[in-house]
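Participant: Any chance you can model this:
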Amino acid sequence: MATSDLSFADISPAAIEQAEEYLVALLKEEYPSADLSQGRVIREHVLNIAAILHAINREDIERLRNSFSPVVIATDPTAADDDIVDAVYANYGVERFDGSKATGYVVIIIEALITTSVPDTTVFTANGLDYVVTQSYIGVTSSDAVVTAAERLITARDDGTYSFTVPVVAAAVGEAYRAERGTRFTAASAIPDTIDIQAAADFSGGLDEETNAELTARVQQGIAPKVFGGRAQNAALLRDTLDSLIDVSQVGFGDPEMLRDRDNIFQMSTGGKTDLWVQPSAVPNEVKLTKECTYVGDDIWQFSLLRDDAPGFYLVTAIVPYGTTAFTGGFTVTSEVRGLDLTAETDWVHTVDNMVQGAYSRYQTAVVQFEDPDTLGTTVVGAKANYDVYVLCAPSIATLHALTIDRDARQTGGDYLVRAAVPALASVSLQINKRANTASPDVTAVAQAIYSRVNSLGFQLGRLPMSLIIAAAQSAMESGGTHTITPIDLRAYVYPPDTVPSGRILLQDVNVLEVPDLPARGVTQRTTVFYMPLTAISVTVQSMPGVSI
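Facilitator: Residues are numbered from 1 along each chain as shown. Modelled structure (predicted):
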């Protein structure tokens, strides 16, 4: 901080008054005969202005004192100056994450098959947040007119309308901009004949800028060598590789969750293996895949999810005809059999013997069957057709997995397997009661506060208390006792590695959800994370009857 970035507005009147009193007392000691009383020239035109500058200097010095030492920064990270904190922690090899902007596609639904333009000045808005296009786009009616990425083909929909997609980017950094499939948008500049605008799929990216508190928590990992070894070193390596990593839990020798080192006739731990359970982002992403499916008869189609399609995937969330956009529902999955593809990518491959040991890793595969009731009666067994498949997965599992098989990076005496955290997909609904004649709370801000709090828990608690939900909601509302929150409906589905995707475990309680201790099934606090997407948070507001006072 070479010069002060404070303005007069940043300094409280009390601080200025205190500085003025100090200057008056100081001058009176040196010049007893000077008239420094209120209303006099020296007091009004010299000391008052000097007091403002003095107060700014004192504030700058205080910020410097709060920022020059890691110990002091850790005491109150919010009081530290960001620039100085960056300089201090650079000495420990730790840099602040600047955050990133979310990107994705919106599908524009129009009434007729007409060439439609989307100017580069178009601003799309969802949940009060703005998204922009980086260039002009035009929806065209023929594939022959698609020459560059700026031309977007308009396709017919089953309901007689038409649609095309355009890529958008968030106007600012932050996780709040990660729109989910189906999120509705509006356009500031009217697009002709538009009926609806929705997110075509989950947006990717969108990371908050790291706070001083979060940066302070990473200092230990900055000091630790970024190599496979002890827990601190492993965490440092993973975080250095993946900026978005929320948390990592390491299961190894002697832990009941470590099953891979007990594959012997005595069922005894032999060591040498570690499972690195990771939460790569606040919530999983839904990715869209186009799969060639094979008809197997009786309206049933089949496809395979390969290990590189969506590494570490959780669930198949939707299957729809190829090119379908802005839809609800999808075809029914009738069968899903998970497997493992242990084909070596380098000179070495992990030791994994079954699905409990390998689920949610890069090695996971699946064979999925689904029913398409619209299959033509003339379709023969073995026929091929493309379908769009939406899969829920934790991002970047392949990136972290690559570290563990790299001969130059992997530990010579260890077997480190990266696995996406066992998902506990949570939802909550709550009602905020407000007094009559008071402003309604911002339900979007309340939902965002709950989202941020729940999805930052990682592996730390192993439970989701109602009190945490209420505290997060209250933090987004005005104080003053004008709002109360009724008991909430809190539930989650846990998907154990041994029974994915069937056999999920329901957790439901009004007080607390607690991860069950089932190490033989791969489910414990060390392996499981609560995920709560924004669409799973329902907030309503109800006015309470009241009387005038």
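
Participant: Tell me which other helices or strands the helix or strand where Ala55 lies touches.
Facilitator: Here Ala55, judged by DSSP states H and E, is contained in helix 48-65. The contact analysis (3 or more CB pairs under 8 Å, 6 or more residues apart in numbering; DSSP states H and E) places helix 48-65 against helix 13-30. Bear in mind the C-beta positions are built from the backbone N, C-alpha and C, glycine included.

Participant: Mind giving me the packing neighbours of the helix it packs on?
Facilitator: helix 48-65.

Participant: Pull the distance from the following helix or strand past the helix it packs on to the chain's centre.
Facilitator: The helix or strand immediately downstream of helix 48-65 is helix 70-75, counting by DSSP H and E. Between the centre of helix 70-75 and the centre of its chain there are 27 Å (CA atoms, centre = their mean, to the nearest Å).

Participant: remind me which residues of the chain are low pLDDT?
Facilitator: 1-10, 220-224, 479-482, 546-549 (pLDDT under 70).

Participant: so what are the domain limits for it?
Facilitator: Following automatic domain parsing, the chain resolves into domains at 8-65, 103-199, 285-393, 422-544.

Participant: Which parts of the stretch 201-350 of the chain are strands?
Facilitator: 247-251, 273-279, 285-297, 300-305, 313-321, 332-340 (DSSP state E, counting those that start in this stretch).

Participant: among the ones you listed, which is nearest Val422?
Facilitator: strand 273-279 (7.5 Å; CB to CB).

Participant: what packs against that closest one?
Facilitator: helix 231-241, strand 247-251, helix 397-405, strand 415-420.

Participant: ok, residues contacting it?
Facilitator: The contact list for strand 273-279 (CB atoms under 8 Å, 6 or more residues apart in numbering) reads 234, 238, 245-253, 257-258, 260-261, 351, 394, 397, 400, 404, 414-422, 458-459, 526-527, 529.

Participant: got a list of what Ala472 touches?
Facilitator: Applying CB under 8 Å, 6+ apart, the residues near Ala472 are 449-450, 452-454.

Participant: about what we covered before: any chance of the helices and strands packed on strand 273-279 in JSON lines, plus mean neighbour count?
Facilitator: Putting those into JSON lines (neighbours: other CB atoms under 10 Å) gives the following:
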{"stretch": "helix 231-241", "mean neighbour count": "19"}
{"stretch": "strand 247-251", "mean neighbour count": "21"}
{"stretch": "helix 397-405", "mean neighbour count": "20"}
{"stretch": "strand 415-420", "mean neighbour count": "24"}
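
Participant: Please tabulate those in JSON lines, including the columns distance to Arg218.
Facilitator: Below are the helices and strands packed on strand 273-279 laid out as JSON lines (distance: least, CB to CB, whole Å):
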{"stretch": "helix 231-241", "distance to Arg218": "7"}
{"stretch": "strand 247-251", "distance to Arg218": "12"}
{"stretch": "helix 397-405", "distance to Arg218": "17"}
{"stretch": "strand 415-420", "distance to Arg218": "19"}
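
Participant: Using neighbour counts, pick out the buried residues of the helix holding Ala55.
Facilitator: Buried residues in helix 48-65, counted by 16 or more other CB atoms under 10 Å: 48, 51-52, 54-56, 59-60, 63.

Participant: now swap in stretch 289-305 and tell me
Facilitator: For stretch 289-305, burial by neighbour count (16+ other CB under 10 Å) applies to 289, 291, 293-295, 299-301, 303-305.

Participant: same check, this time on stretch 17-29
Facilitator: Quick answer for stretch 17-29 (16+ other CB under 10 Å): 19-20, 23-24, 27.

Participant: nearest to Lys101, of these?
Facilitator: The nearest one, if we look at the buried residues of stretch 17-29 relative to Lys101 and count by CB to CB, is Ala19, at 41.8 Å.

Participant: The closest one reaches Glu59, doesn't it?
Facilitator: No: with contact defined as CB atoms under 8 Å, Ala19 does not reach Glu59; the gap is 9.9 Å.

Participant: In CSV: the buried residues of stretch 289-305, plus distance to Ile114.
Facilitator: Compiled in CSV, those are given as follows (distance: CB to CB, whole Å):
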residue, distance to Ile114
Leu289, 31
Lys291, 32
Cys293, 33
Thr294, 38
Tyr295, 36
Asp299, 36
Ile300, 39
Trp301, 34
Phe303, 35
Ser304, 40
Leu305, 38
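
Participant: Closest one to Leu464 out of those residues, please.
Facilitator: Leu305 (29.5 Å).

Participant: And for the closest residue to the closest one other than its chain neighbours, the neighbour number?
Facilitator: The shortest distance from Leu305 to any non-neighbouring residue, by CB to CB, 6 or more residues apart in numbering, is to Ala366 (4.3 Å). Neighbours of Ala366 under the rule other CB atoms under 10 Å: 21.

Participant: Ala366 touches Val337, doesn't it?
Facilitator: Yes: here Ala366 lies in contact with Val337, judged by CB under 8 Å, at a distance of 6.6 Å.

Participant: Return the residues in contact with the residue nearest to Leu305.
Facilitator: By CB under 8 Å, 6+ apart, the neighbours of Ala366 are 304-305, 313, 316, 336-339.

Participant: how about JSON lines for these, with distance to Val41 added?
Facilitator: Shown next, in JSON lines, are these (distance: CB to CB, whole Å):
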{"residue": "Ser304", "distance to Val41": "88"}
{"residue": "Leu305", "distance to Val41": "82"}
{"residue": "Phe313", "distance to Val41": "76"}
{"residue": "Val316", "distance to Val41": "80"}
{"residue": "Glu336", "distance to Val41": "86"}
{"residue": "Val337", "distance to Val41": "90"}
{"residue": "Arg338", "distance to Val41": "85"}
{"residue": "Gly339", "distance to Val41": "88"}
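
Participant: Compare these and tell me which is most surrounded.
Facilitator: Ranked by neighbours (other CB under 10 Å), the contacts of Ala366 are led by Phe313, which has 27 neighbours.

Participant: I'd say Lys101 and Ala176 touch.
Facilitator: No: using CB under 8 Å, Lys101 is not in contact with Ala176; the gap is 11.3 Å.

Participant: And these two? Which one has more around it.
Facilitator: Shown here are Lys101 and Ala176; by other CB under 10 Å, Ala176 has more neighbours (21 against 17).

Participant: In space, what's closest to that one - neighbours in sequence excluded?
Facilitator: Closest to Ala176 by CB to CB, 6+ apart is Gln448, at 5.6 Å.

Participant: go on, Val368?
Facilitator: That would be Glu336: by CB to CB, 6+ apart, it lies 4.9 Å from Val368.

Participant: ok, that neighbour touching Phe370?
Facilitator: No: in this structure Glu336 lies outside contact range of Phe370 using CB under 8 Å: 9.1 Å.

Participant: got the contact list for the residue lying closest to Ile108 once chain neighbours are set aside?
Facilitator: Spatial nearest neighbour of Ile108, chain neighbours left out: Ile197 (5.4 Å); criterion: CB to CB, 6+ apart. The contact partners of Ile197, by CB under 8 Å, 6+ apart, come to 106-109, 124, 184-187, 191.

Participant: So which residue is dead centre in this protein?
Facilitator: The centroid of the chain falls nearest to Ala282 when counting by CA atoms, centre = their mean (3.0 Å).

Participant: Which of the contacts of Ala472 fall in strands?
Facilitator: The members of those all map outside strands under DSSP state E.

Participant: for the residues you listed, which one is nearest Val428?
Facilitator: Nearest to Val428 among the contacts of Ala472, with distances taken as CB to CB, is Ile450, at 6.8 Å.
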